[in-house]
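Engineer: structure of the sequence below:
(one chain, ligands or ions: 1)
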Amino acid sequence: MVWPLPQRPKRAPAPEQDAPAAAAVAAPKLDLAVRLRRNRKADWTRRLVRENTLTADDLIWPVFLCEGENAREPVASMPGVERLSIDLAVRAAVEAVELGIPALALFPFTGPSLRNEQASEALNPKNLVCRACRAINREVPNLGLVTDVALDPYTSHGHDGILRGEKILNDATVFVLVEQALNQARAGADIIAPSDMMDGRVGAIRAGLDAANFEEVQILSYAAKYASAFYGPFRDAVGTNATLTGDKRSYQMDPANSNEALREVAQDIKEGADIVMVKPGLPYLDIIFKVKERFGVPTFAYQVSGEYAMIMAAAARGFIDGDKAMLESLISLKRAGADAILTYFAARAAKKLKEMA
Ligand code: PBG
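Structural biologist: Model prediction:
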């Protein structure tokens, strides 16, 4: 029922003769009971009616690792992003804690000589990611560490799995992924994040972790990960643009599909995923929304490298305001239903939010 509105007085008819015509034009008045702009008239009321918020608590900071000491290597396609040696990654971890960012996600640049067909470096307890986990946990124990489970930084062909001929072998890959996950858990990873899109890997990793008494280690599944052009700059950062043969469409999802994303998510939840992720972010807001609506489980979004690069490139040319576009894209992901966001803007956004508070 509509609430009975008080009868509003009818406007007096405009005097016919002497009123200047201009006055009638200057103050026309619509008979509107509902004026949505009233709630937006000032900052204080806009703050009161705001439906979604973005805080540092919502952010996970992806960090690229490289060998060396005090070494930073700029990633050309990601202005402002550098690969960091472990000592500098530890400093980034300290900064994350100071900024209130709950977790880092670690991605290695593996030396070309360490890449092979079997991705054996992924299982090396002293690989870059494992050493970084140990170093960060030693210095910054209260920061969450997310590690990527997938073979692409370690394979000579740049694919996320074991390749035979032109085929990525699903089950053979899953066996290696379980070992990779265990290797990371032993090094102190808090969240195992399989980004490979093989079938059955979440269940297999959960079973493997539990059998090794890692039942507290979480699984963040890249559940709906699309075969996207927006990963280009990331592949520069981890060196897989140089190695990748062909494309990943036989395992990553077709951008034309959304029902399939729901099946992927349902499957991963059934297999024991603690958190599911949609990736990329902004081009897939509809998928984030549907996943959150349908399943109501913790749902993360990955604002990927190409999304970051687009905002940075346009801002560098003065086409858009970089800070505003950054914050708008992040709140949009929240509005769509994301509980947290992996973003290369994490530190910058957290700083900006602090400044604005
Ligand atoms: C690889 C992986 C990719 C990303 C995260 N893990 C790239 C790919 O699948 O080729 C992309 C992240 C980004 O673009 O920021 N398993």
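Engineer: got the buried residues for the helix or strand containing residue 131?
Structural biologist: Secondary structure assigned from DSSP states H and E places residue 131 in helix 128-139. Using 16 or more other C-beta atoms under 10 Å as the test for burial, helix 128-139 gives 128-137. (Each C-beta comes from the backbone N, C-alpha and C, glycine too.)
Engineer: from these, which is closest to residue 167?
Structural biologist: residue 129 (26.9 Å; C-beta to C-beta).
Engineer: how about that closest one, what does it touch?
Structural biologist: Counting by C-beta atoms under 8 Å, 6 or more residues apart in numbering, residue 129 makes contact with 65, 106-108, 147-148, 184, 187.
Engineer: go on, residue 308?
Structural biologist: Taking C-beta under 8 Å, 6+ apart, we find residue 308 in contact with 78, 81, 233, 343-345.
Engineer: any idea how far the ligand is from it?
Structural biologist: 7 Å (C-beta to the nearest ligand atom, to the nearest Å).
Engineer: with residue 293 instead?
Structural biologist: Per C-beta to the nearest ligand atom, residue 293 is found 25 Å from the ligand.
Engineer: that residue contacts residue 336, doesn't it?
Structural biologist: No: between residue 293 and residue 336 there is no contact under C-beta atoms under 8 Å: 10.1 Å.
Engineer: more neighbours, those two?
Structural biologist: residue 336 (22 against 11; other C-beta atoms under 10 Å).
Engineer: just the pLDDT for that one.
Structural biologist: Looking at residue 336, its pLDDT is 98.
Engineer: ok, now the one 5 residues further on?
Structural biologist: Residue 341 is assigned a predicted lDDT (pLDDT) of 99.
Engineer: partner residues bridging it?
Structural biologist: residue 59, residue 301 (DSSP bridges).
Engineer: what do you get for residue 275?
Structural biologist: If you apply DSSP bridges, the partners that residue 275 bridges to are residue 220.
Engineer: and it, how many neighbours?
Structural biologist: That count, for residue 275 with other C-beta under 10 Å as the rule, works out to 20.
Engineer: got any ranges where this structure has weak pLDDT?
Structural biologist: For the chain, the stretches flagged by pLDDT under 70 are 1-25.
Engineer: one more time with 50, if that's ok
Structural biologist: Along the chain, segments meeting pLDDT under 50 span 1-4, 6.
Engineer: okay, the angle between the biggest helix by length in the chain and helix 128-139?
Structural biologist: As assigned by DSSP state H, the longest helix anywhere in the chain is helix 170-186. Following axes from the mean of the first three to the mean of the last three C-alpha atoms, to 10 degrees, one obtains 30 degrees for the angle between helix 170-186 and helix 128-139.
Engineer: output helix 170-186 as CSV - backbone C-alpha positions only.
Structural biologist: Written as CSV, here are the backbone C-alpha positions of helix 170-186 (Å, rounded to 0.1, in the frame of the first residue of the first chain):
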residue,chain,number,x,y,z
ASN,A,170,43.8,-33.3,-16.7
ASP,A,171,44.4,-36.1,-14.2
ALA,A,172,48.2,-36.2,-14.5
THR,A,173,48.2,-32.5,-13.9
VAL,A,174,46.1,-32.8,-10.8
PHE,A,175,48.6,-35.2,-9.2
VAL,A,176,51.3,-32.6,-9.6
LEU,A,177,49.1,-29.8,-8.4
VAL,A,178,48.5,-31.7,-5.1
GLU,A,179,52.2,-32.0,-4.6
GLN,A,180,52.7,-28.3,-5.4
ALA,A,181,50.0,-27.4,-2.9
LEU,A,182,51.6,-29.5,-0.2
ASN,A,183,55.0,-28.0,-1.0
GLN,A,184,53.5,-24.5,-0.4
ALA,A,185,51.6,-25.6,2.7
ARG,A,186,54.9,-26.9,4.2
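Engineer: mind listing what the residue most central in space within the chain touches?
Structural biologist: Among the residues of the chain, the one closest to the centroid is residue 302, at 1.9 Å (C-alpha atoms, centre = their mean). Residue 302 is in contact with 222, 277-281, 341-343, counting by C-beta under 8 Å, 6+ apart.
Engineer: ok, the closest residue in space to residue 315 that isn't next to it in sequence to the ligand distance?
Structural biologist: Excluding the flanking residues, the one nearest residue 315 by C-beta to C-beta, 6 or more residues apart in numbering is residue 322, at 3.0 Å. Applying C-beta to the nearest ligand atom, the value for residue 322 to the ligand is 18 Å.
Engineer: again, but for residue 356
Structural biologist: Distance of residue 356 to the ligand, computed by C-beta to the nearest ligand atom: 26 Å.
Engineer: no more questions from me, cheers.
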